[in-house]
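Chemist: build me a model:
(2 chains)
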2 protein chains.
Amino acid sequence: MARIVQKYGGTSVGDVERIRKVAERIKAIRDEGNELVIVVSARAGVTNELIARAKALCANPSEREMDQLLSVGEQETIALTAMALHGVGADAVSYTGAQAGIFTDKVHTKAKIKTINAKPIEADLKAGKVVIVAGFQGINEEGQITTLGRGGSDLTAIALAAALKADKCEIYTDVDGVYTADPRVVKDAKKLQEISYDEMLELASSGSKVMQSRSVEFAAKYGVVFEVRSSFNYNPGTIVKQEIAYMEKVVVRGVAVDKDQAKVIVSNILDKPGSAAKVFRALADASIIVDMIVQNVGRNGIANLTFTVPLTDSAKAQKTLEPVLDAIGGGQVAIHENIAKLSVVGVGMKTHSGVAATLFQALADASINIELISTSEIKISVVIDKSKAEEAARVAHAAFELEKL
Amino acid sequence: MARIVQKYGGTSVGDVERIRKVAERIKAIRDEGNELVIVVSARAGVTNELIARAKALCANPSEREMDQLLSVGEQETIALTAMALHGVGADAVSYTGAQAGIFTDKVHTKAKIKTINAKPIEADLKAGKVVIVAGFQGINEEGQITTLGRGGSDLTAIALAAALKADKCEIYTDVDGVYTADPRVVKDAKKLQEISYDEMLELASSGSKVMQSRSVEFAAKYGVVFEVRSSFNYNPGTIVKQEIAYMEKVVVRGVAVDKDQAKVIVSNILDKPGSAAKVFRALADASIIVDMIVQNVGRNGIANLTFTVPLTDSAKAQKTLEPVLDAIGGGQVAIHENIAKLSVVGVGMKTHSGVAATLFQALADASINIELISTSEIKISVVIDKSKAEEAARVAHAAFELEKL
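Modeler: A predicted model of the protein is given here:
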């Protein structure tokens, strides 16, 4: 008997037919004698419909009211999933975030989990019930409904797995697992059996859409081993954990492409202490996340600062920086939106030389120009022209022979 | 400055356009300096969609899970209504049933309100906010979500009006008020300016769909004066209160038709003590509501028992009674579904003779046969053939000259 936390995303519970399929899958695992806690998202599309109604009524809806609104999506799914389990003859009970004792801070629309009171769930598990918990939501000390932000349901599952000391945590999604590259772009991309938290984090922050960084960070912090797998088949997925045994030659584990970035160039600014700080302080105050910072200084004490921001924040970045320019020498801001970020990721990289050289040569051989480079211990990222993104992914995948993994 | 509780039903908040209209109406009343508490239902159609999904997954869904499910309908509307008020520049805050401190008993899907802790709402009213409360829902002592059953949102509004000592309570619906008859059936039906609780109760239990009896009973018990009016125009509605000043001649106040009843005839049973009790005990145990009981006893000690039940319970009534027959003389049960109940209602009736005679004569003149008669102090009801229901309503309306009210 194992205690298992499973999370089913919006497409896995998209309509009653799919909910019934999920219930049958859960019932089978339950009948093997396992204790099950199921975290579900809103049905695919529901959250977007609710947001559309909100925006139609108010240009800038209050975050407190958005949480009241969006939390209904998951509440519908938990009740339907519990009923579906009853329908296939399994005892089950649904929990909203509040009922599940998921206490958060007071930050609406992106609350952080503070504590989980797992006692009610423990009692229902002991009573032989499958426990269905609404993902993405919690409650704060004042009784206000909060939501956890993007990827919140994954976070609910991983936090519950930690709080309940689960033996397994399974994240069911619409992909089979984590691949060496996006299989729609690189045909011979291979599914990874295992991946480390660090690699998963770099892939998450490099445009691989499988999971948000936050949930992976939380899992790493609490040592929650989890598996990413599909609810549409019974294939084994990818297990994400602390350390994995590499074969000697495996250096690069995956290639990720992110086309939702824009490049910002702040040019002709004075190269003196505080210029960069003023730029990044202003962006931080506007909650704009900055990546891949590069600074070039010319001989005349004039500097150029280049970095990337999320594409959706590019106009905001321009507006934010314009009032700052005078203070740093009256330079200019330019935004380039036609870019993509290509990253190669692998823990093996840090003890192997030549990874950067192999990547740059492969891109050069394909006549793909590199606009920016940034590296970490387990990742190399380059900014290239957006139209070359897919070709670059295929070229890099082939250069590191990932199809042979 | 007045403190006003308003309730908007499902068609009044059916889509974002209507919610915006409601917000504008609320804003205007707010701007006159009034304190406002707004109770909203689920958008029209939402509850039925949710029930359809539930039934698709489980033939007989658990009542606890139905409450988890159905309560999302109102929770969506409160958030959207608060946003709509923000959109038109009014400060507003939404409350779920639990947040509004509406504590109920533990009976899922038809909970009764036990207490209301109105302190949080009082505080927000004092802070100048319009308070939006989810109708139809509450919470029990164990933190479980409950719903109040049919007409639950009206009940929420009337209970809040009592708890908050509101100056006014307005029930907005898709009709203009209470009419002397259904205006779709009787063209010259007139809207009543005022009606007493008792008359409203008789109309409610006689098929007039304006409000459920429960909410009217609650209002009568706590002396909550309320107005039934339309959210689609600014016409005055009908005020429902304890005592109303009648003109001398006004005896009958309205005509109601109920086509959702079936007639049950239990024939050839022994006329001895306990026979009728066995029949009605069995029906009560099956939660079947019985109306218009008539018993005929023949010379030979054999009796016939006739009564009406809701049409949806007719098959259940037959099944319930068959095992009882042996114990009361081995009689038969027959169900007639092609019937309608016509009622004329008026407090004045009790001190005026001739009302019954006028009604029976009018029906006889129109060749409408009366199958059953039952009377109360303020109502006369007759069972007639379903195909004659509309004609009977017009004939009765004319006989009592209700078009001149």
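Chemist: any idea how far chain B is from A:Thr147?
Modeler: According to C-beta to the nearest C-beta, to the nearest Å, A:Thr147 stands 12 Å off from chain B. To be clear about C-beta, it is placed using only N, CA and C from the backbone, and glycine gets the same treatment.
Chemist: show the backbone phi and psi for that residue.
Modeler: Here the main-chain torsion angles of A:Thr147 (degrees, to the nearest 10) amount to phi -120, psi 160.
Chemist: pretty sure it contacts A:His108?
Modeler: Yes: between A:Thr147 and A:His108 a contact is recorded at 7.4 Å, counting by C-beta atoms under 8 Å.
Chemist: compare these two (neighbour count), which wins?
Modeler: The residue with more neighbours, out of A:Thr147 and A:His108, is A:Thr147; 27 against 20, by other C-beta atoms under 10 Å in any protein chain shown.
Chemist: if I pick whatever residue of the stretch 101-250 of chain A ends up closest to chain B, what's in contact with it?
Modeler: Per C-beta to the nearest C-beta, A:Gly143 is where the stretch 101-250 of chain A lies closest to chain B, at 6.2 Å. Shown in contact with A:Gly143 (C-beta atoms under 8 Å, 6 or more residues apart in numbering or on different chains): A:Ala98, B:Ala98, B:Gln99.
Chemist: related to what we said a few turns ago, pull up the overlap in contacts between A:Thr147 and A:His108.
Modeler: Contact criterion C-beta under 8 Å, 6+ apart; residues shared by A:Thr147 and A:His108: A:Met66, A:Asp67.
Chemist: kindly report the residues of chain A close to chain B.
Modeler: Proximity of chain A to chain B (C-beta under 8 Å from any C-beta of the partner chain) is limited to residues A:16, A:19-20, A:23, A:50, A:53-54, A:56-59, A:61-62, A:64-66, A:68-69, A:71-72, A:75-76, A:78-80, A:82-84, A:86-87, A:93-94, A:96, A:98-99, A:143-145.
Chemist: just to revisit the earlier point, tell me the secondary structure at the residue of the stretch 101-250 of chain A closest to chain B.
Modeler: The three-state assignment at A:Gly143 reads coil, by DSSP: H, G, I helix; E, B strand; the rest coil.
Chemist: need the strands for the stretch 101-250 of chain A, in chain order.
Modeler: With strands called from DSSP state E, counting those that start in this stretch, the stretch 101-250 of chain A shows them at A:102-104, A:113-116, A:130-134, A:137-139, A:145-147, A:168-173, A:194-196, A:226-230, A:238-241.
Chemist: can you check the stretch 251-400 of chain A too?
Modeler: Under DSSP E, counting those that start in this stretch, the stretch 251-400 of chain A gives strands at A:254-258, A:261-270, A:291-297, A:302-310, A:332-336, A:339-345, A:372-376, A:379-385.
Chemist: pipe those strands into TSV and attach mean pLDDT and mean neighbour count per row.
Modeler: Listed next are those as TSV, based on pLDDT from 0 to 100; neighbours: other C-beta atoms under 10 Å in any protein chain shown:
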stretch	mean pLDDT	mean neighbour count
strand A:254-258	92	26
strand A:261-270	90	20
strand A:291-297	81	15
strand A:302-310	88	20
strand A:332-336	93	15
strand A:339-345	93	26
strand A:372-376	84	16
strand A:379-385	92	22
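Chemist: can you redo those as JSON lines with distance to B:Lys112?
Modeler: Output for these, formatted as JSON lines (distance: least, C-beta to C-beta, whole Å):
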{"stretch": "strand A:254-258", "distance to B:Lys112": "56"}
{"stretch": "strand A:261-270", "distance to B:Lys112": "57"}
{"stretch": "strand A:291-297", "distance to B:Lys112": "57"}
{"stretch": "strand A:302-310", "distance to B:Lys112": "51"}
{"stretch": "strand A:332-336", "distance to B:Lys112": "61"}
{"stretch": "strand A:339-345", "distance to B:Lys112": "59"}
{"stretch": "strand A:372-376", "distance to B:Lys112": "62"}
{"stretch": "strand A:379-385", "distance to B:Lys112": "61"}
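Chemist: what does the host helix or strand of A:Arg20 contact?
Modeler: Assigned by DSSP states H and E, A:Arg20 belongs to helix A:16-31. Outside helix A:16-31, the residues that touch it by C-beta under 8 Å, 6+ apart are A:4, A:6, A:8, A:11-13, A:36, A:38, A:77, A:80-81, A:84-85, A:87-90, A:130, A:172, A:231, B:53, B:56-57.
Chemist: find the closest residue to chain B in the stretch 251-400 of chain A.
Modeler: A:Ser287 (21.2 Å).
Chemist: got a list of what that residue touches?
Modeler: Contacts of A:Ser287 (C-beta under 8 Å, 6+ apart): none.
Chemist: over to A:Glu227?
Modeler: Counting by C-beta under 8 Å, 6+ apart, A:Glu227 has contacts A:Lys168, A:Cys169, A:Glu170, A:Ile171, A:Gly177, A:Pro236, A:Gly237, A:Thr238, A:Ile239, A:Val240.
Chemist: so how far is A:Lys191 from it?
Modeler: With distances taken as C-beta to C-beta, to the nearest Å, A:Glu227 is found 12 Å from A:Lys191.
Chemist: what do those two both touch?
Modeler: With contacts taken as C-beta under 8 Å, 6+ apart, the residues that reach both A:Glu227 and A:Lys191 are A:Gly177, A:Gly237, A:Thr238.
Chemist: for B:Ala356, state which of those residues is nearest.
Modeler: A:Gly237 (77.1 Å; C-beta to C-beta).
Chemist: picking up where we left off before, report pLDDT for the residue of the stretch 101-250 of chain A closest to chain B.
Modeler: Per-residue pLDDT puts A:Gly143 at 92.
Chemist: poorly predicted segments of the stretch 201-350 of chain A, please.
Modeler: Applying pLDDT under 70 to the stretch 201-350 of chain A flags residues A:205-208, A:244-250, A:299, A:350.
Chemist: go with 90
Modeler: Along the stretch 201-350 of chain A, the parts satisfying pLDDT under 90 run over A:201-214, A:242-253, A:267-281, A:284-305, A:326-331, A:346-350.
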